[in-house]
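Visitor: predicted model, plus sequence, below.
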Amino acid sequence: MGRIPDDIVDEVQAKVNIVDVVSAHIPLKKAGRNFKANCPFHNEKTPSFVVNPDKQIFHCFGCGAGGNAFGFLMKYSNLSFPEALRALADKAGIRLPDVKIDHTSVSRLSLLYRFNQVVAEYYYNNLLNAQLGRRALSYLTSRGIKRELIDKFKIGYAPPGWDGLLKFAKSKGYSEEAMERLGLILPGKEKGHYDRFRDRVIYPIFDLKSRVVGFGARVLDDGDSPKYLNSPETEIYVKGSNLYGLNFAIPGIRTRNDVIVVEGYMDSLSLFQHGVENVVASLGTALTVDQIRLMKKFAKSAVMVFDGDMAGEGAMLRGLDLFIEESFEVKIVELPKGMDPDDYIKKNSRDAFMGMVDNAKGLFDYKVSMLEKRFDGKSAEGNYRIAQEMLPSIAKISSAILKAEYLKRLAERLNMKESDIREEMKRARPDSSYAHKQGIPLSAKPVNLDPAEKMLLGLMLEDSKRLDTVIAELNLDDFMDPRIKMFIEYMYRRHSKGSPVEPAKMMNELDGEDAGSIISEIACGCGTSGEGDRALKDCIGRIKERKRKFEIDKLKMQIKRAQDENNEEKAMMLLSKCNQLLKSNR
C-alpha cells in the first residue's frame, strides 16, 4: 500500500474511540475522566496504564508505552501503521483507496524491506514447487515440520544453481547493487555476481513488524560446506538486535509471561510445532543486551534452553551476567547430554518439556553448579575460584536484599564463613567492560527531558490558546532538547496555518519511535489545578534565564580565547556584550 492521504487518516481517527479499541483487548475501569488498567506491555500489580478519552491517547506510567489508537493496535497486535490503519478503517466502515506505489517517494530502507519480502516469496515458492523443492520439502518433513508451519514461517528453498535468485530479481526490476547491499549475492573473482545461498533450506528472519530483515540457510546434506549460512549485517539487519520467531511468539509470551530461548532455527520451529508457542532463537550462541531488552518488552522472565554440551553451557555462562545487569529474571533448563530441544521434545512430549521449563534452575543455582563442574568444589582452592567467578556477578545485582541473600547462600554452598565472603565481596568489582569485550552493542540510555520545556509543552497541549503567549515570548532556538524542539516546531507550524493542535494527530505526523511515548506522558500527566497561566509564565522565565546563562558562558569562553590570542579589541567587544547580558536580569 502506498501513501494514504492525511485527511483519510484523520477521518479514520475521528470515527474510532480509543476506549473502544483498547477495551476490545484488555478490561478498562473508569477512573475519573480517564480509564485505567494493568498495562498489557509489562507485568504489574497496580494499574498504571491510563486511557484518556478526551485526548484520544493512552500512556503507561510504569513502562513508558504511549500513543493513540493506531499506536496501541501496532504495539499490542504487532502491526505496521498501514495494517493498523486498515484494521481501524474496517472497524469504522471506511473504505481505504487503492494507492499505487510511487517508488520515487518510497524511502531506500522501505525498498530494501520490500525486496527482502519478494525474495522470501521466491524461496517459499521454490520449496512448494513439486519438482524443484522435492528434496528440501522431504528434509523438512523428516524433521517433523508440517505444511502449516512452513506457510506461517515462510520457510523456503534456494535452488542449487549459481544465479537463480540473481536472474529472478533482475526480472522483477531489482538491481545487483540492491541485492549486494542485502547480502543476497556475492561478487565473483573475475566478474559478475553469484547467489549467496544455493541448495539450502531458507529460514526468513522477521522483525517485530513482521518485515523480512535477513535469512538463515541450512544445507540439505552435511558435508564439507558450513551447515548454516546467514545474511551478513546490513542496513536493515543487525544480528544482535533481533530474535528469530519473536513476531510469532508474542501471543504465547503474553499468555505465560515468559519467553523460552533456544539456539537454532530448527529447535525453535520444532518446539512451536509441538505447541510451545512462546519460543525464540538467539541467532547465535551469545545473547546481546539489545536482545534481552527486546524480550523485556513482552516477558517477565526468560528461560534459556541450550544444547546439552559444553558449547551451549559456555554460551549460557557468558550471557548470564547480562540478565543481571538488565534486572531481568532468567532461568536455565539443563538438557541431557547430547540432546537439543528438538531431540528432547520428539523423544518425550510437550508436557515433559514444559515440566523442565517450569522447574528450571535459577541463575544462582545454575551458575554455581556449572562452576563446581569446572573447578573442584571439594577443595579450598576450587571454592576460592568459584567465589572469584560468582562475586562479580552478585555485585551487579541492584537489590540489596537479593544481594545479601545470594552472599549468604554462596557462603553456605562453599562451606565458608559469610563474613569472609562479604570481605572478599568488597574487593570484587562488576566487570562492566565484559559486554564490550564480547562485541555486545549497548543501547544508549534515554535522555531525560528538560523539566521547564517538558512542562511548557504539557501546558500548551492542555490548552492550545497558550500557544500565542509562547510564540510571542520564545523562539525555536530557545529550546535545548531536540525532541521538545521538534514538537514545538510542529505546534508553531500548525498554529501559523490556523490548524488545531491535537496530541493524537501529532503522533501520526511526527517521526521517532519515542514520540508517541513522550507526547502521551506529557499530555496525560499535565494538570495545573487552575494555575496554568502562572506556571506558563514561570516556564517561559526559566527557559529565558537558562538561555541567557548559556549565552554568557559562551561569551566568557570567547573572551578568554580572544585574550589568549592577544586580540584586545575583540575581547573588549565581547566583554561589552557579556556585561549587557549580565545587567539584563537586574
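Guide: Cool, got the structure.
Visitor: now the phi/psi pair for Lys36, please.
Guide: Phi and psi for Lys36, reported as degrees, to the nearest 10, are phi -130, psi 160.
Visitor: nearest spatial neighbour of it, skipping sequence neighbours?
Guide: Once flanking residues are discounted, Lys36 sits nearest to Pro47: 4.5 Å by Cβ to Cβ, 6 or more residues apart in numbering. C-beta here means a position set from N, CA and C on the backbone, and glycine is covered the same way.
Visitor: kindly report the same for Arg413.
Guide: Excluding the flanking residues, the one nearest Arg413 by Cβ to Cβ, 6+ apart is Val368, at 5.7 Å.
Visitor: please report how far that neighbour lies from Val330.
Guide: The gap separating Val368 from Val330 is 14 Å, by Cβ to Cβ, to the nearest Å.
Visitor: isn't Cys63 up against Asn38?
Guide: No. Between Cys63 and Asn38 there is no contact under Cβ atoms under 8 Å: 11.3 Å.
Visitor: buried set for stretch 352-372?
Guide: Going by neighbour count (16 or more other Cβ atoms under 10 Å), the buried part of stretch 352-372 is 353-354, 356-357, 360-361, 363-364, 366-368, 370-372.
Visitor: can you lay out those residues as a markdown table showing distance to Ser142, pLDDT and secondary structure?
Guide: Shown next, in a markdown table, are these (distance: Cβ to Cβ, whole Å; pLDDT from 0 to 100; DSSP: H, G, I helix; E, B strand; the rest coil):
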| residue | distance to Ser142 | pLDDT | secondary structure |
| --- | --- | --- | --- |
| Phe353 | 21 | 95 | helix |
| Met354 | 25 | 95 | helix |
| Met356 | 25 | 93 | helix |
| Val357 | 26 | 94 | helix |
| Ala360 | 30 | 92 | coil |
| Lys361 | 33 | 90 | strand |
| Leu363 | 37 | 85 | helix |
| Phe364 | 41 | 86 | helix |
| Tyr366 | 34 | 87 | helix |
| Lys367 | 37 | 85 | helix |
| Val368 | 40 | 85 | helix |
| Met370 | 34 | 81 | helix |
| Leu371 | 39 | 84 | helix |
| Glu372 | 39 | 83 | helix |
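Visitor: and of these, the nearest to Leu322?
Guide: The shortest approach to Leu322 among these belongs to Leu363, at 10.9 Å (Cβ to Cβ).
Visitor: how far away is that closest one from Leu320?
Guide: Separation of Leu363 from Leu320 (Cβ to Cβ): 6 Å.
Visitor: what about the helices in the stretch 301-450 of the chain?
Guide: 310-325, 341-347, 350-358, 363-374, 380-395, 400-413, 418-427, 434-437 (DSSP state H, counting those that start in this stretch).
Visitor: of those helices, which is nearest Glu473?
Guide: If you check each of these against Glu473 by Cβ to Cβ, helix 310-325 wins as the nearest, at 44.4 Å.
Visitor: for Phe550, which non-adjacent residue is closest in space?
Guide: Phe550's closest residue in space is Met480 (Cβ to Cβ, 6+ apart), at 7.9 Å.
Visitor: what lies in contact with the helix or strand harbouring Lys30?
Guide: Secondary structure assigned from DSSP states H and E places Lys30 in strand 29-31. Contact with strand 29-31 is made by 35-37, 47, 50, as judged by Cβ atoms under 8 Å, 6 or more residues apart in numbering.
Visitor: cool, thanks, talk later.
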